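Q: Pasting the sequence and the predicted model now:
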Number of protein chains: 2
Amino acid sequence: MKQIKRTKISEALKLNSFGEEINVKGWVRTRRGNKNVGFVALNDGSTISNIQIVIDIAQFGEEFLKPITTGACINVNGKLVESQGKGQTVEIQATEVEIYGPADPTTYPLQKKGHSLEFLREIAHLRPRTNTFGAIFRMRHHMSFAIHKYFNDKGFYYFHTPIITASDAEGAGSMFEVTALDLNNLPRNNEGKIDYSEDFFGMQTNLTVSGQLEGELGAMALGAIYTFGPTFRAENSNTPRHLAEFWMIEPEVAFYDINDNMDLAEDFLKYLIRYALDNCRDDIDFLASMYDKELVDRLLFVVENDFVRLSYTEGVKILEESGHKFEFPVYWGADLQSEHERYLV
Amino acid sequence: MKQIKRTKISEALKLNSFGEEINVKGWVRTRRGNKNVGFVALNDGSTISNIQIVIDIAQFGEEFLKPITTGACINVNGKLVESQGKGQTVEIQATEVEIYGPADPTTYPLQKKGHSLEFLREIAHLRPRTNTFGAIFRMRHHMSFAIHKYFNDKGFYYFHTPIITASDAEGAGSMFEVTALDLNNLPRNNEGKIDYSEDFFGMQTNLTVSGQLEGELGAMALGAIYTFGPTFRAENSNTPRHLAEFWMIEPEVAFYDINDNMDLAEDFLKYLIRYALDNCRDDIDFLASMYDKELVDRLLFVVENDFVRLSYTEGVKILEESGHKFEFPVYWGADLQSEHERYLV
């Protein structure tokens, strides 16, 4: 095959140099066609959009096309042409096609039909190839980058706080223990207790539940820091609150007061949403179409409105006068619980 | 005190709006002076450079100045004036000073004298306030941001791979075990072995030694990904090779060949060094002056020269003809060891 430098499909879809020969590589989403021509929707993960490869059957032969099924990985040289189909502007008239790897339709689990999220969980090694997970992973990337860009542009320093630690930052309770001891042969001290002086760090250690303590020390030296790293909770909770392993952002700033904190939180959230709308719009539109029709409106609502700032006293007053029955009673002086926060929002 | 929006010292040092009243806050590095005037070198971590606060003793009084010692945290309003001292362009003529927190010179461990890195290890909560650690933390931030920016600009997606895992990516051997079981009361199965079905994930788990496996799956779906997260080795090694906990970058790209890999590695390293020289020059200059006079020359050498590309066969030939005695013998077909790589570089 002729050696042509690969063009990512995200780039190819923006080209208008019709007649130029380009190379694309990727995974087949679908193939359809008739006796004369085959249409392959090719995706390489650079964007949710596929590029259409048009294959002239007279040129390649029926037999050659057979292994080009959903999931197959192919390498295509072809001429960029204006597309007649709706919803796409360019397509590729194949001149050469190489099959890197076929995907037997009787065994390859990802087929054209919709798959449940539960089923995709069972094939975690393949689910990044689906539209839903592809969209989520691309958005996760863009949001991670936006987080770093936001703080970098504002002069915050990224602070890596320890993952293995001996401290329990929030007294949160359920922590994962980390040890290099042989659990089948634990050393014991004179009192029969586990002798952690024999362990890697010479003491009992666990996975961090928060980088806040070290973050505060960083802020007291560098002025403004943020953490963005994995944190862990060994709570078997099926709520949206905590995963066993999740990435958390903790800004810590010297000399900030409560108003500075509120300004930062509001500005940060709006920045991220704006960044997502500007940089991940096609993935957002896909997720909106599949899962939540009002997604874009809700995002725009957050960006376009000022956040309400409510004093504790005002908040308690609204809750008391709501007539709503809460699990935890509300009175001035009580800590607000999640149910109260949810009601106020 | 008059309320003026705080200016970071990194910004204040760039101002030339002489006569303007500004506010700075920070930690006192040193105080010197005479009967008439006190000079405070103030640092807020935004830069390695201090700003000089000039305090008129007749106005504030001797007694007021006493707690303003090394480490004290102060809040200063003052007039921006052109500096007469060498190595600084602006200073602040104090109009109001508030002491947020004193630092008793008889007990505060960071004093003007140099401190050994070993001593600073003992006061890890304060060492980010030193020039050395401040420089390193700021550079670590800039390098982390440059890593994300490089890959983002090139269309790579940041992929968060699992930290807690059941796989041993490299057969590396020494892993930290992660468990939610009570080590003092481990559940046992019928064979007397630890019953990991009772553990949080229902199986034995450990901290990741590499995100490569999941990274490859990501690349086979999104085209080009990189990981940048913590990895762990339970090796008690006092070499520069592995810390117990360290952050690692792993790019994985579909359709790359060995030349693409080499191009990426060379371009990436040069980009990072150039970024450091452009964005952290004062911190690099400080580290060069304290620890390594040839640092900048060496960095420039890497940026300005093409990397030599050597085939395995050529490498083995050079080693064989070197006359150097290696711990592991060299012959065509043998794996190259660190000692061989070191010799070649």
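A: Ah, there it is.
Q: contacting residues around the residue nearest in space to the middle of chain A?
A: For chain A, residue A:140 is the residue whose C-alpha lies nearest the centre (Cα atoms, centre = their mean; 2.7 Å). Applying Cβ atoms under 8 Å, 6 or more residues apart in numbering or on different chains to residue A:140 gives the contacts B:158, B:160. All C-beta atoms are positioned from the backbone trio N, CA, C, and that covers glycine.
Q: Mind checking what secondary structure it has?
A: At residue A:140 the chain is in helix, as set by DSSP: H, G, I helix; E, B strand; the rest coil.
Q: now do residue A:145
A: Secondary structure for residue A:145, judged by three-state DSSP, is helix.
Q: Name the secondary structure element that contains the residue nearest to it when sequence neighbours are not counted.
A: For residue A:145, the nearest residue in space outside its immediate sequence neighbours is residue B:152; the separation is 4.8 Å by Cβ to Cβ, 6 or more residues apart in numbering or on different chains. For residue B:152, the enclosing helix or strand under DSSP states H and E is helix B:131-153.
Q: now could you export just the CA positions of that helix as CSV?
A: Extracted C-alpha coordinates of helix B:131-153, given in CSV (Å, rounded to 0.1, in the frame of the first residue of the first chain):
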residue,chain,number,x,y,z
ASN,B,131,13.5,28.4,48.3
THR,B,132,14.6,24.9,47.3
PHE,B,133,11.3,23.2,47.8
GLY,B,134,9.3,26.2,46.6
ALA,B,135,11.3,26.1,43.4
ILE,B,136,10.7,22.4,43.0
PHE,B,137,7.0,22.6,43.7
ARG,B,138,6.5,25.4,41.3
MET,B,139,8.5,23.6,38.6
ARG,B,140,6.6,20.4,39.3
HIS,B,141,3.4,22.3,38.7
HIS,B,142,4.7,23.8,35.4
MET,B,143,5.9,20.4,34.2
SER,B,144,2.6,18.8,35.1
PHE,B,145,0.7,21.5,33.2
ALA,B,146,3.1,21.2,30.2
ILE,B,147,2.5,17.5,30.1
HIS,B,148,-1.2,17.9,29.9
LYS,B,149,-0.9,20.8,27.4
TYR,B,150,1.4,18.9,25.1
PHE,B,151,-0.8,15.9,24.8
ASN,B,152,-4.0,18.0,24.7
ASP,B,153,-2.6,20.1,21.8
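Q: Which positions in the stretch 201-345 of chain A make contact with chain B?
A: Contact residues, the stretch 201-345 of chain A versus chain B (Cβ under 8 Å from any Cβ of the partner chain): A:201, A:207, A:217-218, A:220-224, A:229-230, A:232, A:234, A:236, A:244-245, A:247, A:254-255.
Q: And the residue nearest to residue A:145, what's its pLDDT?
A: On pLDDT, residue B:152 comes in at 98.
Q: Burial check on it, number of neighbours?
A: Counted with other Cβ atoms under 10 Å in any protein chain shown, the neighbours of residue B:152 add up to 20.
Q: Looks like it contacts residue A:146 (just checking).
A: No: using Cβ atoms under 8 Å, residue B:152 is not in contact with residue A:146; the gap is 9.6 Å.
Q: ok, the residue nearest to residue A:145 - contacts?
A: Taking Cβ under 8 Å, 6+ apart, we find residue B:152 in contact with A:141, A:145, B:158.
Q: what's the closest non-adjacent residue to the first one?
A: Spelled out, it's residue A:141. Excluding its sequence neighbours, the residue lying closest to residue A:141 (Cβ to Cβ, 6+ apart) is residue B:157, at 4.0 Å.
Q: Could you do the last one as well?
A: The shortest distance from residue B:158 to any residue that is not its chain neighbour, by Cβ to Cβ, 6+ apart, is 4.5 Å, and that residue is residue A:141.
Q: Could you confirm residue A:97 falls within a strand?
A: Yes: per three-state DSSP, residue A:97 lies within a strand segment.
Q: where does residue A:237 land on pLDDT?
A: With respect to pLDDT, residue A:237 scores 72.
Q: what number of residues lie near it?
A: Neighbour tally, residue A:237, other Cβ under 10 Å: 12.
Q: Next: the one 4 residues further on.
A: Neighbour count of residue A:241, defined by other Cβ under 10 Å: 10.
Q: again, but for residue A:211
A: By other Cβ under 10 Å, the residues close to residue A:211 number 27.
Q: any chance you could map the helices in the stretch 51-200 of chain A?
A: Remark: helices assigned in the stretch 51-200 of chain A by DSSP state H, counting those that start in this stretch are A:57-60, A:62-65, A:117-122, A:131-153.
Q: Next: the stretch 201-345 of chain A.
A: Under DSSP H, counting those that start in this stretch, the stretch 201-345 of chain A gives helices at A:212-222, A:258-279, A:281-291, A:295-304, A:312-321, A:338-344.
Q: May I have the distance across stretch A:238-245, first residue to last?
A: End-to-end distance for stretch A:238-245, by Cα to Cα, to the nearest Å: 13 Å.
Q: Could you pull out the buried residues of that stretch?
A: Residues A:242, A:244, A:245 are the ones in stretch A:238-245 that count as buried (16 or more other Cβ atoms under 10 Å in any protein chain shown).
Q: and it, how far from the chain's centre?
A: With Cα atoms, centre = their mean, to the nearest Å as the basis, stretch A:238-245 stands 15 Å off its chain's centre.
Q: Name the surrounding residues that touch it.
A: Contacts with stretch A:238-245, where a contact means Cβ under 8 Å, 6+ apart, come from A:176, A:230-235, A:338, B:162-164, B:200-201.
Q: repeat that with 7 Å
A: Around stretch A:238-245, the neighbours that count as contacts under Cβ atoms under 7 Å, 6 or more residues apart in numbering or on different chains are A:230, A:232, A:233, A:234, A:235, B:162, B:163, B:164, B:200.
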